[in-house]
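Q: Using only what follows, build the 3D model:
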Amino acid sequence: MAIAAAVQPLTSTTNHSIAIGKYLVSPLSKLLADGQYAASVSIRSGRGSASTDRVMRFKGSFFTENAAHHYAREQGMAWVSASRQPASPRMVLAA
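A: Now for the predicted structure:
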């Protein structure tokens with residue numbers, strides 16, 4: 001007996017990656033059981049054995065895949081922007 005059900009991918013495979021300096025920001029979405037979408041983002045840097053990949057998964061859900069991608073992209077870009085800023089000077093208290 002053949003199963004004739006359409007299967008949707010759980011995670012979007014459309015390439016929405018954005019290169020920002022040494023970082024590659026890749027927003028992702030995942031279709032949830034309730035028909036909404038979860039958002040996550042991968043932020044990669046480096047090459048080969050010196051590469052690093054940070055993955056952030058966000059709470060909440062979105063009505064559309066596009067909304068989930070947009071949120072993930074904005075969060076990834078904000079992380080890259082913050083990581084490129086020089087460290088703020090520490091406050092020194094006088095004794």
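Q: For the rest of this, base every contact and every neighbour count on C-alpha atoms.
A: Noted.
Q: Not counting its neighbours along the chain, what's nearest the residue nearest the centre of the chain?
A: The residue lying closest to the centre of the chain (C-alpha atoms, centre = their mean) is Val41, at 0.8 Å. Take Val41 and drop its neighbours on the chain: the residue closest to it by C-alpha to C-alpha, 6 or more residues apart in numbering is Pro27, 4.3 Å away.
Q: Can you show me the helices along this protein?
A: Ranges of helices in the chain, per DSSP state H, are 65-84.
Q: what are the ranges of the strands in the protein?
A: 18-20, 23-31, 37-45, 52-57 (DSSP state E).
Q: what's the span of stretch 25-44, first residue to last?
A: 7 Å (C-alpha to C-alpha, to the nearest Å).
Q: Now do that stretch: everything it contacts.
A: 9-13, 15-19, 23-24, 51-65, 68-73, 75-77 (C-alpha atoms under 8 Å, 6 or more residues apart in numbering).
Q: in it, what counts as buried?
A: 25-31, 36-44 (16 or more other C-alpha atoms under 10 Å).
Q: and what of stretch 18-25?
A: Tyr23, Leu24, Val25.
Q: Verify the stated contact: the second one with Ser45.
A: Yes. A contact is recorded between Leu24 and Ser45 when judged using C-alpha atoms under 8 Å, the distance being 6.5 Å.
Q: which pair in the buried residues of stretch 25-44 spans the largest distance?
A: Across the buried residues of stretch 25-44, the longest distance by C-alpha to C-alpha is 26.4 Å; it joins Gln36 and Arg44.
Q: Ser83: which of the strands of the chain is closest?
A: Of those, nearest to Ser83 by C-alpha to C-alpha is strand 23-31, at 10.4 Å.
Q: Counting neighbours, what do you get for Lys59?
A: 8 (other C-alpha atoms under 10 Å).
Q: which sections of this structure are below the confidence cut-off?
A: For the chain, the stretches with pLDDT under 70 are 1-15, 86-95.
Q: again, 80 this time
A: Within the chain, the segments meeting pLDDT under 80 span 1-15, 84-95.
Q: returning to that earlier point: format the buried residues of stretch 18-25 as a markdown table; extra columns: distance to Gln85.
A: Output for those, formatted as a markdown table (distance: C-alpha to C-alpha, whole Å):
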| residue | distance to Gln85 |
| --- | --- |
| Tyr23 | 14 |
| Leu24 | 17 |
| Val25 | 17 |
